[in-house]
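Visitor: With the sequence up front, the predicted model follows.
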Amino acid sequence: MGEFFQNVSRYPKYLITIILGVFAAVLEPLVKRSSNPVTAVALIGALISGLITLALTVRAMVFPTSII
C-alpha cells in the first residue's frame, strides 16, 4: 500500500513539469520574434486579447445569466 501512495505522490511533480515544458516551448519562439517592435506590439496585443477572452469566458461560466 505504501508503494501506491508513493506513486500517487509523483503525479503533481509530473503535471508541473509538463506545464512548465509547454510554457517554455510556446514562449521561446515568441521571445525570439519580439526583437522587431511591430511584432512585439502585435504579440502584446494578442496576449491582452487572449487574457480578456479567457476572463470573459470564465466569468460567463461562473456567473451565468438566467433567462426568465
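Guide: Thanks, I have it.

Visitor: Tell me where this structure has helices.
Guide: 2-8, 11-33, 37-62 (DSSP state H).

Visitor: elements contacting the longest one?
Guide: Spelled out, that is helix 37-62. helix 11-33 (3 or more CB pairs under 8 Å, 6 or more residues apart in numbering; DSSP states H and E). Where C-beta positions appear, they are placed from N, C-alpha and C, glycine not excepted.

Visitor: how distant is the helix it packs on from the center of its chain?
Guide: Between the centre of helix 11-33 and the centre of its chain there are 9 Å (CA atoms, centre = their mean, to the nearest Å).

Visitor: Name the residues that touch that helix?
Guide: 39, 43 (CB atoms under 8 Å, 6 or more residues apart in numbering).

Visitor: 10 Å instead?
Guide: Here helix 11-33 makes contact (CB atoms under 10 Å, 6 or more residues apart in numbering) with 39-40, 42-43, 46-47.

Visitor: would you list the helices of the chain in JSON lines and tack on mean pLDDT and mean neighbour count?
Guide: Shown next, in JSON lines, are the helices of the chain (pLDDT from 0 to 100; neighbours: other CB atoms under 10 Å):
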{"stretch": "helix 2-8", "mean pLDDT": "81", "mean neighbour count": "8"}
{"stretch": "helix 11-33", "mean pLDDT": "87", "mean neighbour count": "10"}
{"stretch": "helix 37-62", "mean pLDDT": "91", "mean neighbour count": "10"}
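
Visitor: In space, not sequence, find me the middle residue of the chain.
Guide: Central residue of the chain (CA atoms, centre = their mean): residue 23, 7.3 Å from the mean position.

Visitor: how close does that one get to residue 15?
Guide: To residue 15, residue 23 is 13 Å away according to CB to CB, to the nearest Å.

Visitor: and if you look at residue 33?
Guide: Distance from residue 33 to residue 15, by CB to CB: 29 Å.

Visitor: Could you do residue 36 as well?
Guide: 35 Å.
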